[in-house]
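Asks: Dropping a prediction and its sequence here:
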Amino acid sequence: MPPSASAEAVVRGYSDALRDGDPVTPAFSDADSIVTFGISESLFGGADIAAAREKQTETAEKWVVESQGLAVTDRDECATFADGETMAWTATGDRHRFDSRWSGTLVERNGVDDPRANAWRFVTMHVSAPRAL
């Protein structure tokens with residue numbers, strides 16, 4: 001993912017990286033306290049999230065990721081986001097498609113010396129697929 005000056009650009013860059021089949025791990029904090037909840041998984045800690053996202057990049061293809069109305073609120077060193085996303089991908093020969101809801105929190109890493117690095121990183125991410133009751 002290319003470096004970004006804003007939290008919104010990191011969220012959009014994450015969707016672009018999924019769509020393009022690029023690694024998404026650089027968008028996540030590597031802290032042990034990070035958590036992501038996906039449609040079918042719960043991941044705790046930077047190492048587990050990195051391993052799962054690397055496997056996802058290797059095994060999933062033909063991504064469709066379409067935002068339905070991204071909202072990002074930036075509050076100094078913390079940002080929140082929410083979006084409805086149409087997402088689809090192919091893995092192990094099966095096509096998956098969901099109308100999903102995304103939300104989460106990013107924090108800004110102060111003192112980032114590497115201009116190639118994103119200053120903003122996800123520390124929580126929740127992706128769910130609503131079902132009618």
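Replies: Good, I have the coordinates.

Asks: ok, residues contacting the helix or strand bottoming out on mean pLDDT in the chain?
Replies: In the chain, the helix or strand scored least confidently by mean pLDDT, DSSP states H and E is helix 46-59, which has a mean of 88. The contact list for helix 46-59 (C-beta atoms under 8 Å, 6 or more residues apart in numbering) reads 21-25, 28-32, 34, 36, 41, 43, 91-92. Where you see a C-beta, it was placed from the backbone N, CA and C, and this is true even at glycine.

Asks: ok, now with 7 Å
Replies: By C-beta atoms under 7 Å, 6 or more residues apart in numbering, the surrounding residues in contact with helix 46-59 are 21, 23-25, 28-32, 34, 36, 41, 43, 91-92.

Asks: from those residues, which would you call buried?
Replies: Burial of those was assessed by neighbour count (16 or more other C-beta atoms under 10 Å); the buried members are Val24, Thr25, Phe28, Ser29, Ile34, Thr36, Leu43.

Asks: Strands of this protein, start to end?
Replies: For the chain, the strands defined by DSSP state E occupy 35-37, 42-44, 60-67, 71-75, 78-91, 94-108, 120-128.

Asks: Check those strands for me and report the most buried one.
Replies: Of the strands of the chain, the one with the most neighbours on average (mean count of other C-beta atoms under 10 Å) is strand 120-128, at a mean of 19.

Asks: For the closest residue to Thr36 other than its chain neighbours, list each beta-bridge partner.
Replies: Leaving aside its chain neighbours, Thr36 sits nearest to Met125 (4.3 Å; criterion: C-beta to C-beta, 6 or more residues apart in numbering). Taking DSSP bridges as the rule, Met125 bridges to Thr36, Gly104.
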